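S.K.: starting from these lines, generate the structure:
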Amino acid sequence: MILRELLTHLPKAVASGNLDQVAKTVTADSRKVKQGSVFVAIRGEDADGHKYIESALKKGAVAIIAEKAPAADYSEKAVWIHSAETRIVLGTVAAALAGDPSSQLKVVGVTGTNGKTTTTFLLHHIMQTAWMRAGLLGTIKFYDGVEDKDATHTTPSGEVMQSELASMLENGCRGVAMEVSSHGIAQSRTDAVKFDAAIFTNLTQDHLDYHGSMEAYYEVKKSLFSGLDQQEGKKKPKAVINLDDRYGEKLVKELGDDISIVTYGMGAHCDFKISKIRQSVRGTEFQLDNRGKSYLVRTPLIGRFNVYNALAAIAGASVVGIKPRDAVKAIGEAPQVPGRMEMVGVREGATVFVDYAHTPDALKHACATLRDLEPNKLITVFGCGGDRDPFKRPLMGQAASEGSDLCLITSDNPRSEDPEAIIKEIEAGMVNKAYRAVIDRQEAIRTAVNTAAPGDIVLIAGKGHETTQQFADETIEFDDRRIARWALRDKPVAALIENKPDSFKGDRFDDEKPKRFDGEKPEYQRPEKYGERRVGEQRDDHRDSRGGERRDFRGGERGDRRDGERRDFRRSDQRDDRGGERRDNGGRRFDGRDRDDRK
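M.R.: All right, here's what the predicted structure looks like:
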């Protein structure tokens, strides 16, 4: 695009230099400047882009967009565009160079403290089902209709945003479901996006280290909705708002008649009304009423908060033209959202869930959801991130201790802070003395799993889908789900504590910790023998705890009392009686999958 044409999208900017040059790309990162790039200098929290202008010029920048005028001795080797709002300009220029892709897509943004990721995933699933191809921009990943990419930010920068939207359009996507964070709104990353709908899930305490107060946090969220009627183009965007949330109710009142509003919740006056909620370990069902019609909605997700997430997705889908009955059908086949109340395993009657809950309200609702499943005990592992809102730490402690029988306070992402100091701030809110501080997160997870008895539930909260843990001097690979699976495999059957409610006394665990047999390796380090997993060293003559048959490993074959099949362990491959696939003696399945899920 010719710079002269590009400048028409920046009516308040002042330019000097040869405007007949061609602009190919735009970036705010001087390291990504190429020949023909436009470099936008942005004043950030940690760095000032104006310091890197010379570096951008040396790399071939054709134009500089800056908040200050050029120096008097500036040689006109590039066009200088003076603008007071470079953050906004970045997205505007990126959209212009990409052909304004959001104007040609059905775009639904989802914002709020909790539920953004799940709502966005569900909405994307509905779009994919109805339209075959749809894009996704969110905390966990980006999807352009063809391939997944790891997400670096919940809401990407303006140039990345427009590039992803352009790829979606090129790949045949009809729409996109997008998470919109408060940081993204405050930093104008979405200003050049033309929305068809914006969804408000809720607002609870989080990010106060950035916004300063709940009122300021709310005003940032509100600006996304109040700006909808100022969009250029032919779209007539709508606001989809949770009327059961007090900030949602406030938002509806303050927006007034300036924009079209669709509400959802349990209230009689909601456009999308929910009632008759029933849940089990297999999922949740509820009644949805909309425009005089009733629908029975079934979702494999559990929890009242997921009812709201599903409802928000259905309402958002309806705004962009997907019929409610089609959305309801798609919700019934929705996939598990990574790290969002994800059940990672069961052993000996103890069940483990991993959830991203990292705010007091989210943790409270996560505990309440699992309480509804009526466990004997709820054991919660949680912590708080370093270099983030410190005011919520005692509130997290209060939410966990009130909602759980036993708690392990551990590290989340400590970053530059002392993990022990963070834990002490959390402990100030613990109203229940049945807790233990375990700084090492892996040890905390293993302790919780080994403590769990039949009928107990373990909740590992805070990191969800994350696959790393951040410290002051390093970032290591760490996945709560993987550690939990290992702990379940390694759980010593012989040491399970059954019907022992006093095994967690006062502010500590019982000193009688589960131990392995002498010389026994953790199960996840042991190779599978003949397609079966065994605990401890096997004797020559062994009784299988699952089936009760006797095995003589000296003779090389056995009689199986369950199906009468004779097996010869001297053969080079065996048939696994659990799944039917064939395995060689190294434990590798013939279907090509490796039994070990570690990367």
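S.K.: shouldn't K68 be within a helix?
M.R.: No: K68 is assigned coil when assessed by DSSP: H, G, I helix; E, B strand; the rest coil, not a helix.
S.K.: who are the contact partners of it?
M.R.: 50, 82 (C-beta atoms under 8 Å, 6 or more residues apart in numbering). All C-beta spots, glycine's among them, are computed from the backbone N, C-alpha and C.
S.K.: ramachandran coordinates for it?
M.R.: phi -120, psi 160 (degrees, to the nearest 10).
S.K.: so how far is F39 from it?
M.R.: Plainly put, K68 is 14 Å away from F39 if you go by C-beta to C-beta, to the nearest Å.
S.K.: now do R31
M.R.: R31 is 11 Å from F39, by C-beta to C-beta.
S.K.: ditto for L203
M.R.: When L203 is compared with F39 (using C-beta to C-beta), they lie 36 Å apart.
S.K.: those two: which has the busier surroundings?
M.R.: Between L203 and F39, counted using other C-beta atoms under 10 Å, F39 has the larger neighbour count: 27 against 24.
S.K.: D326: which element?
M.R.: Using DSSP states H and E, D326 sits in helix 324-331.
S.K.: okay, now the sheet partners of the helix or strand that that helix is followed by, with direction.
M.R.: Helices and strands here follow DSSP H and E; after helix 324-331, the next one along the chain is strand 342-347. Next to strand 342-347 in the sheet, as set by DSSP bridges, lie strand 350-355 (antiparallel).
S.K.: gap between the strand it pairs with and the chain center?
M.R.: 16 Å (C-alpha atoms, centre = their mean, to the nearest Å).
S.K.: what does that strand rub up against?
M.R.: Contacts for strand 350-355 (C-beta under 8 Å, 6+ apart): 339-346, 362, 366, 370, 375, 449, 452-461, 463-464, 480-481, 484, 487-488, 491.
S.K.: among these, which are in strands?
M.R.: Using DSSP state E, the members of the contacts of strand 350-355 that fall in strands are 342-346, 457-461.
S.K.: which of those residues are buried, as a PyMOL select command?
M.R.: Command for PyMOL that selects the buried part of the ones in strands among the contacts of strand 350-355, burial taken from 16 or more other C-beta atoms under 10 Å:
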select buried, resi 342+344+345+457+458+459+460+461
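S.K.: would you point out the most distant pair within the ones in strands among the contacts of strand 350-355?
M.R.: Across the ones in strands among the contacts of strand 350-355, the longest distance by C-beta to C-beta is 18.4 Å; it joins V346 and A461.
S.K.: give me the below-cutoff pLDDT ranges for this structure.
M.R.: Applying pLDDT under 70 to the chain flags the ranges 75, 492-599.
S.K.: ok, D418 to G397 distance?
M.R.: On the measure of C-beta to C-beta, D418 and G397 end up 17 Å apart.
S.K.: of those two, which one has the most company?
M.R.: Counted by other C-beta under 10 Å, D418 and G397 do not tie: G397 has more neighbours, with 26 against 12.
S.K.: skipping its backbone neighbours, what lies nearest that one in space?
M.R.: Of all residues not flanking G397 in the chain, G429 sits nearest, at 3.3 Å (C-beta to C-beta, 6 or more residues apart in numbering).
S.K.: tell me how many other residues crowd that neighbour.
M.R.: Neighbour tally, G429, other C-beta under 10 Å: 18.
S.K.: E219 and A186, how far apart?
M.R.: 10 Å.
S.K.: neighbour count: those two, which is higher?
M.R.: Between E219 and A186, A186 has the larger neighbour count (other C-beta under 10 Å), namely 18 against 15.
S.K.: the more buried one touches V220, doesn't it?
M.R.: Yes: A186 lies in contact with V220 (C-beta atoms under 8 Å); the separation is 5.1 Å.
S.K.: now do the shared contacts for the two.
M.R.: H211.
S.K.: now the helices for the stretch 251-400 of the chain?
M.R.: 304-319, 324-331, 360-371, 393-403 (DSSP state H, counting those that start in this stretch).
S.K.: repeat for the stretch 51-200 of the chain
M.R.: 53-58, 86-98, 116-131, 158-170, 182-186.
S.K.: could you dump those helices into JSON lines and include distance to D257?
M.R.: Below are the helices of the stretch 51-200 of the chain laid out as JSON lines (distance: least, C-beta to C-beta, whole Å):
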{"stretch": "helix 53-58", "distance to D257": "46"}
{"stretch": "helix 86-98", "distance to D257": "27"}
{"stretch": "helix 116-131", "distance to D257": "26"}
{"stretch": "helix 158-170", "distance to D257": "30"}
{"stretch": "helix 182-186", "distance to D257": "23"}
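S.K.: so which of those helices comes closest to F305?
M.R.: Among the helices of the stretch 51-200 of the chain, helix 116-131 sits nearest to F305 (C-beta to C-beta), with 8.3 Å.
S.K.: just the C-alphas of the closest one, formatted as PDB.
M.R.: Once non-C-alpha atoms are left out, helix 116-131 reads as follows in PDB (Å, rounded to 0.1, in the frame of the first residue of the first chain):
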ATOM      1  CA  LYS A 116     -13.700 -16.100  28.900                       C
ATOM      2  CA  THR A 117     -11.700 -19.200  27.700                       C
ATOM      3  CA  THR A 118     -14.500 -21.700  28.100                       C
ATOM      4  CA  THR A 119     -17.100 -19.500  26.500                       C
ATOM      5  CA  THR A 120     -14.800 -18.700  23.600                       C
ATOM      6  CA  PHE A 121     -14.100 -22.400  23.100                       C
ATOM      7  CA  LEU A 122     -17.800 -23.300  23.200                       C
ATOM      8  CA  LEU A 123     -18.600 -20.500  20.800                       C
ATOM      9  CA  HIS A 124     -15.900 -21.600  18.400                       C
ATOM     10  CA  HIS A 125     -17.200 -25.100  18.600                       C
ATOM     11  CA  ILE A 126     -20.700 -23.900  17.700                       C
ATOM     12  CA  MET A 127     -19.300 -21.800  14.800                       C
ATOM     13  CA  GLN A 128     -17.200 -24.700  13.500                       C
ATOM     14  CA  THR A 129     -20.300 -27.000  13.600                       C
ATOM     15  CA  ALA A 130     -22.500 -24.600  11.800                       C
ATOM     16  CA  TRP A 131     -20.000 -23.100   9.300                       C
END
